[in-house]
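Engineer: would you be able to build a 3D model of this:
(one chain, ligands or ions: 1)
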Amino acid sequence: MHNGHGGTKTAQQLYEHLARLDSSYTPAACAQYTEWIDEIRALKQERNAVVLAHNYQRPEIFEVADFIGDSLELARQARQVAADVIVFCGVHFMAETAKIVNPERTVLLPDLRAGCSLSASITAEALAERKEALRKVYPDLQVVCYVNTTADVKAESDVCCTSANAVKIVEALDSQHILFVPDENLARYVQTQTRKTILSWEGNCYVHHQITPEQILAVRRNLPHVKILVHPECREDVIQLADAVLSTSAMVRYAKESPAQEFLIVTECGLSDRLLLEVPEKKFYKSCKLCAYMKMITLEGVLASLREMQYEITLPEEVRVGAERSLSRMFELSA
Ligand code: SF4
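Structural biologist: Below is the predicted model:
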C-alpha cells in the first residue's frame, strides 16, 4: 500500500501513535526518531530516493516509507520505481529482488545482517543437484521457488512464487511434478490445494515454524469469537486451526472487509502493528513472534544508508537475468 502516514508528526504525536502498539516506546526515543525522520525525508529528496518497507518492519520505519507491502507487492512496486535510489527496508533477498527487477536503480539495504533463515536453507548448487536427480525419475519436473530465496536460487528455478500466489503458480504450470523450494510448510499447504504432486525441500522460516497449536488453542479457549488468520509458512498442525490461511496482504484485506471485530494474527508480529495502525476500530491479538532479521533495520540505519549510500546490492548479470526470468514468469502466471 502507498503509505498513508506520510504527514509530519510532532514528537508527541509520534509517541502517542507508537505507544499504542508497544509500551516500550518512550517520549525521549520518539523525539530522537522525529529528528531522524526529518533528516531521512530531506535526504530522500536530495538523493532522489524512495523507501520500500516490508510489513514486518518496525512501525517507526513506516513513517519514512513510500510504500509498505508483502514480498509480491514490493517486487511489483520496485519494478515501477523511477527514482534513482531504492532504500529497501526488509531482508537481503528482498533487496536483491528489487535489483533483479529494476537493475538501473541503486538499491541499498541499510544493514547487511538482515538475512533470512528460510533463504539460507538452500543454495543454487544443492538445488541443481536435487533437480538433476529428480528429473531422472520425473522428466516433467519443474521447480517453483518461493520468493524468499537468493538470486542464484531463483536463477536455478523455473518460476518464483509468493505465499499469495503459490497455488495459482503451481496450477498454471503444465507439469504434474513440482519441486517446491525451500519452505516445507508452504509446500505442504500447497499440496492440500492442488492435485499435482508437490516434492518439497527441508527449509522453514524460524519465526513461523516455532508457533505451536497449543498457543493457538489457548487463545481459542479464552476468546472463542476471535477469527484466527494464519500464514501458510506455519506448521500444518497450526494451519489446521485457522479460520483463514492467508498471505500478509490478504490478512490486511480480510481484516478490513470482514464483519468480525477481533482477530488473532498468526504471523510475524510486525503485521499486527500495521493492522493496529490501519484498522484502529478493530482488535488484533498478536502471535508475538518477531523476526530478528527484519528488526535489524532501524531508522538510524536508514539514515546512515542514505547519508553514506550503503550497502549497495549488486549481482552478476547472468544471475540477475536468470532470476529475472523466474520472476517475470511469476508475474505473467499470476497476472
Ligand atoms: S520472517 Fe521468516 S521468512 Fe521472513 S525474513 Fe524472517 S526468517 Fe525469513
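Engineer: which bits of the stretch 1-150 of the chain sit near the ligand?
Structural biologist: 56, 91, 116, 117, 118, 148 (Cβ under 6 Å from any ligand atom). C-beta: built from backbone N, CA, C; applies to glycine.
Engineer: of all those residues, the one with the weakest confidence?
Structural biologist: Checking pLDDT across these, the minimum falls on residue 56 at 87.
Engineer: isn't that residue up against residue 296?
Structural biologist: No: contact between residue 56 and residue 296 fails when scored by Cβ atoms under 8 Å: they sit 11.3 Å apart.
Engineer: between the two, who's got more neighbours?
Structural biologist: Neighbour tally, residue 56 and residue 296, criterion other Cβ atoms under 10 Å: the higher count belongs to residue 56, 25 against 18.
Engineer: ignoring the adjacent residues along the chain, who's closest to the more buried one?
Structural biologist: residue 270 (3.6 Å; Cβ to Cβ, 6 or more residues apart in numbering).
Engineer: and residue 267, by the same measure?
Structural biologist: Counting by Cβ to Cβ, 6+ apart, the residue nearest residue 267 is residue 231, at 3.8 Å.
Engineer: all helices for the stretch 101-250 of the chain, in order.
Structural biologist: 124-137, 151-156, 166-172, 184-192, 206-209, 213-222, 236-239, 248-257 (DSSP state H, counting those that start in this stretch).
Engineer: enumerate the positions of the longest one that are buried.
Structural biologist: Counting neighbours by 16 or more other Cβ atoms under 10 Å, one finds that the buried residues in helix 124-137 are 124, 127, 130, 131.
Engineer: show me how far it is from its chain's centre.
Structural biologist: 27 Å (Cα atoms, centre = their mean, to the nearest Å).
Engineer: and it, what's its mean pLDDT?
Structural biologist: On average, helix 124-137 scores 98.
Engineer: residue 63 versus the closest residue to the ligand within the stretch 51-200 of the chain, what's the distance?
Structural biologist: The minimum distance from the stretch 51-200 of the chain to the ligand, using Cβ to the nearest ligand atom, falls at residue 116 (3.1 Å). Using Cβ to Cβ, to the nearest Å, one gets 24 Å for the distance from residue 116 to residue 63.
Engineer: those two: which is more packed in?
Structural biologist: A count of neighbours by other Cβ under 10 Å puts residue 63 above the other of residue 116 and residue 63, at 25 against 21.
Engineer: and the pLDDT for that one?
Structural biologist: At residue 63, the pLDDT value in this model is 95.
Engineer: for it, what are its contacts?
Structural biologist: 5, 9, 14, 33, 37, 299 (Cβ atoms under 8 Å, 6 or more residues apart in numbering).
Engineer: wait, the residue nearest to residue 267 sits on residue 264?
Structural biologist: No: using Cβ under 8 Å, residue 231 makes no contact with residue 264, being 11.8 Å away.
Engineer: longest helix of this structure?
Structural biologist: Criterion DSSP state H: the longest helix present in the chain is helix 27-47.
Engineer: run through this protein and note the low-pLDDT ranges.
Structural biologist: 1-7, 288 (pLDDT under 70).
Engineer: burial measure for the spatially closest residue to residue 33 that is not a sequence neighbour, as a count.
Structural biologist: Counting by Cβ to Cβ, 6+ apart, residue 33 lies nearest to residue 60, which is 5.1 Å off, once chain neighbours are set aside. Residues near residue 60, counting by other Cβ under 10 Å, number 22.
Engineer: mind checking what secondary structure residue 60 has?
Structural biologist: Here residue 60 is recorded as helix under DSSP: H, G, I helix; E, B strand; the rest coil.
Engineer: residue 98 too?
Structural biologist: Applying three-state DSSP: residue 98 is helix.
Engineer: could you say which helix or strand holds the nearest residue to it once chain neighbours are set aside?
Structural biologist: Among residues not flanking residue 98 along the chain, residue 78 sits closest, at 3.8 Å (Cβ to Cβ, 6+ apart). Here residue 78, judged by DSSP states H and E, is contained in helix 71-80.
Engineer: chain center to that helix, what's the gap?
Structural biologist: On Cα atoms, centre = their mean, the centre of helix 71-80 falls 11 Å from the chain's centre.
Engineer: same check, this time on stretch 98-116
Structural biologist: 14 Å.
Engineer: and it, end to end?
Structural biologist: Terminal residues of stretch 98-116 are spaced 16 Å apart (Cα to Cα, to the nearest Å).
Engineer: in it, which residues are buried?
Structural biologist: Neighbour-count burial for stretch 98-116 [16+ other Cβ under 10 Å]: 98-102, 105-111, 114-116.
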